[in-house]
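Asks: Need the 3D shape of this:
(2 chains)
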2 protein chains.
Amino acid sequence: MKFKIAILGTGNVAWHLAPALEEAGHTITEIYARSLADAEKLTARLYTADAKDDLDFSESEAEIFILAVSDQAISEIADEIILPEESILVHTSGAVPLDVLGYSSATFTGIFYPLQTFSKERKIDFGDVPFLLESEDQAALQKLKKLAKSLSPNQYLIKSKDRMALHVAAVFASNFSNHMLRISEEVMARQGLDFEMLKPLIIETISKSLELGAKRAQTGPARRVDFNTLDAHYQFLNYNEQIAELYKLISQDIIDSY
Amino acid sequence: MKFKIAILGTGNVAWHLAPALEEAGHTITEIYARSLADAEKLTARLYTADAKDDLDFSESEAEIFILAVSDQAISEIADEIILPEESILVHTSGAVPLDVLGYSSATFTGIFYPLQTFSKERKIDFGDVPFLLESEDQAALQKLKKLAKSLSPNQYLIKSKDRMALHVAAVFASNFSNHMLRISEEVMARQGLDFEMLKPLIIETISKSLELGAKRAQTGPARRVDFNTLDAHYQFLNYNEQIAELYKLISQDIIDSY
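Replies: Numbering: from 1, shown residues only, chains lettered A, B, ... in the order given. The predicted structure is shown next:
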């Protein structure tokens, strides 16, 4: 089943999703951005899409309208967009409930949330991306499932209340683990040490954690409740009070959780 | 160059290091543990090593003595061990300075620190492990380099003052990123959600971070300074004050670092 799809937004998700949908055989009819120049940057990567900077889609041939914009912009655009009959309006956010689309002119609404971290610099293999889907209309949900299935074998039906938990879990698993690497990079750089040294450790840490589960995989001074080392590290970090505080709080939480 | 080596300790590092040294062609002469039964569990994995529960090594044929014990036990054992002439005593810790070996009966002392996370359940490929080496004696250091090289192509000479920074960086990169996954697992489990959903995200996060650097790779609500989502997540986590506090502090640190 091939769809005609309009995409609103040109951020990291839209940037990767639009070409992937074309590759899967769907047609991208329009790309919307507030500035036409931005929309054109993305249509330049596509075969047939028109760039657009107004929200009147009453003449669009698309059936599915994907709102791949910032969380704040979702409700604004949903309230303003003019959609054709029988259209399905979805957003791609892990944090915004379905009902913010409720006042739109869409016949059906839903969520089409690719659970992945997107950056323009890195190509994403959508075959590995789980899609988290939601809609109150069964026929619309079936179409979203087919759309997701054309990109990836992994789809999950998730209610908005669970999607919040999932998004919090994703922030810890992705953004926060990445921030731990960021702090690590900075500790190394400050001392003039090569971060390359730590890469095998990082790769083994994550592989082990995914295999054994993080609880069994844990090692280190907090796991051993080695207060001498914990104190020495805390003192070492006294050049940055916030990082030292983070060190203490995360170590305490590790200790408390065994 | 093949060495005769005694190993003190039967923890995660000794457990993997001893057989790897044998595979590399060295001879393990003795395994020491406080309890003979523990030492025998490890000698059972080896060809020629004798189990031992006393610290008199005056008759040992080994030249290199590897202290792979807890940080607290290093100085105790170093003070008590009786070593033969021309012996090299090293420890494997990232956190303990070289000079704690200074009062031992060793002729030479050093550090032989494999920068990796070891758990008994998971086999380690030492070919990927960086070895961080230190000794004040050039001839001993050359021997440690040859020993490390027989296991891995990556050796670094690191002074004790830099090893502290490196260990702090390793705690953030490994133990703390693993703990972020732990919290994520628990948020998912509490809601009855399948953690499998998050695995592609975690793999992509770490791959991207190692490729682009963590600063450029960062995404998510803190990176976007999206206070609506940050507040919603903080409220969601109010069932666990410590985790909620962690959420706030890490998010703040992400915001402050751009």
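Asks: In space, what's closest to A:T107 - neighbours in sequence excluded?
Replies: Spatial nearest neighbour of A:T107, chain neighbours left out: A:E86 (5.2 Å); criterion: CB to CB, 6 or more residues apart in numbering or on different chains. C-beta coordinates here come from the backbone N, C-alpha and C atoms, glycine included.
Asks: what stretches of chain A score poorly on pLDDT?
Replies: Across chain A, nothing is flagged by pLDDT under 70.
Asks: Return the residues in contact with A:T27.
Replies: A:2-5, A:48 (CB atoms under 8 Å, 6 or more residues apart in numbering or on different chains).
Asks: cutoff 7 Å now
Replies: Applying CB atoms under 7 Å, 6 or more residues apart in numbering or on different chains to A:T27 gives the contacts A:4-5, A:48.
Asks: Neighbour-wise, give me the winner out of the residues you listed.
Replies: Of all the contacts of A:T27, the highest neighbour tally under other CB atoms under 10 Å in any protein chain shown goes to A:I5, namely 25 neighbours.
Asks: all helices of chain A, in order?
Replies: Taking DSSP state H as the criterion, chain A carries its helices at A:12-23, A:36-43, A:71-80, A:138-149, A:160-170, A:177-190, A:199-212, A:214-217, A:227-236, A:241-256.
Asks: what separates the fifth one from the chain centre, distance-wise?
Replies: The chain centre lies 12 Å from the centre of helix A:160-170; the measure is CA atoms, centre = their mean, to the nearest Å.
Asks: Using CSV, list the CA coordinates for stretch A:112-128.
Replies: Taking C-alpha atoms only, stretch A:112-128 is exported to CSV below (Å, rounded to 0.1, in the frame of the first residue of the first chain):
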residue,chain,number,x,y,z
PHE,A,112,3.8,8.2,14.3
TYR,A,113,6.8,8.4,16.6
PRO,A,114,10.1,6.9,15.4
LEU,A,115,12.0,6.1,18.5
GLN,A,116,15.5,7.1,17.5
THR,A,117,18.0,9.9,17.8
PHE,A,118,18.3,11.9,14.6
SER,A,119,21.1,14.3,13.6
LYS,A,120,21.4,15.7,10.1
GLU,A,121,25.1,14.5,9.9
ARG,A,122,24.2,10.8,10.3
LYS,A,123,22.2,8.6,8.0
ILE,A,124,19.6,6.5,9.8
ASP,A,125,18.8,2.9,8.9
PHE,A,126,15.0,3.0,9.4
GLY,A,127,15.0,-0.8,9.3
ASP,A,128,16.2,-0.7,12.9
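Asks: Now it: buried residues?
Replies: A:112-119, A:122, A:124, A:126 (16 or more other CB atoms under 10 Å in any protein chain shown).
Asks: now swap in stretch A:190-198 and tell me
Replies: A:193, A:195, A:197-198.
Asks: Which ones among these also lie next to chain B?
Replies: A:193, A:197-198 (CB under 7 Å from any CB of the partner chain).
Asks: Which of these sits closest to A:S135?
Replies: The closest of those to A:S135 turns out to be A:L198 (CB to CB; 43.9 Å).
Asks: got a list of what the closest residue to A:D194 other than its chain neighbours touches?
Replies: Once flanking residues are discounted, A:D194 sits nearest to A:M188: 7.2 Å by CB to CB, 6+ apart. Residues in contact with A:M188 (CB under 7 Å, 6+ apart) are A:195, A:198, B:165, B:169.
Asks: residue contacts, the closest residue to the second one other than its chain neighbours?
Replies: Distances taken as CB to CB, 6+ apart place B:A173 nearest to A:L198, at 5.1 Å, with adjacent residues excluded. Residues touching B:A173, when contacts are defined by CB under 7 Å, 6+ apart, comprise A:180-181, A:184, A:198, A:201-202.
Asks: hmm, 8 Å instead?
Replies: A:180-181, A:184, A:198, A:201-202, A:205 are the contacts of B:A173 under CB under 8 Å, 6+ apart.
Asks: A:F172 against B:I183, yeah?
Replies: Yes. Here A:F172 reaches B:I183: they are 4.7 Å apart, a contact under CB atoms under 8 Å.
Asks: re the thing from before, out of the contacts of A:T27, which is nearest to chain B?
Replies: Nearest to chain B among the contacts of A:T27 is A:I5, at 22.9 Å by CB to the nearest CB.
Asks: Compute the number of surrounding residues for the closest residue to the closest one other than its chain neighbours.
Replies: What sits nearest to A:I5 in space, not counting adjacent residues and going by CB to CB, 6+ apart, is A:I64, at 4.8 Å. Residues within reach of A:I64, counting by other CB under 10 Å, total 23.
Asks: what about A:P221, distance to chain B?
Replies: 7 Å (CB to the nearest CB, to the nearest Å).
Asks: That residue reaches A:H233, doesn't it?
Replies: Yes. With contact defined as CB under 8 Å, A:P221 reaches A:H233; the gap is 7.0 Å.
Asks: Mind listing the shared neighbours of these two?
Replies: B:95, B:171.
Asks: circling back: what two of the contacts of B:A173 are the furthest from one another?
Replies: The largest separation in the contacts of B:A173, counting by CB to CB, is between A:M180 and A:L201 at 12.3 Å.
Asks: Those two: which is more packed in?
Replies: Comparing A:M180 with A:L201 by neighbour count (other CB under 10 Å), the higher total belongs to A:M180, at 25 against 21.
Asks: Which residues are in contact with the more buried one?
Replies: B:172-173, B:176-177, B:180.
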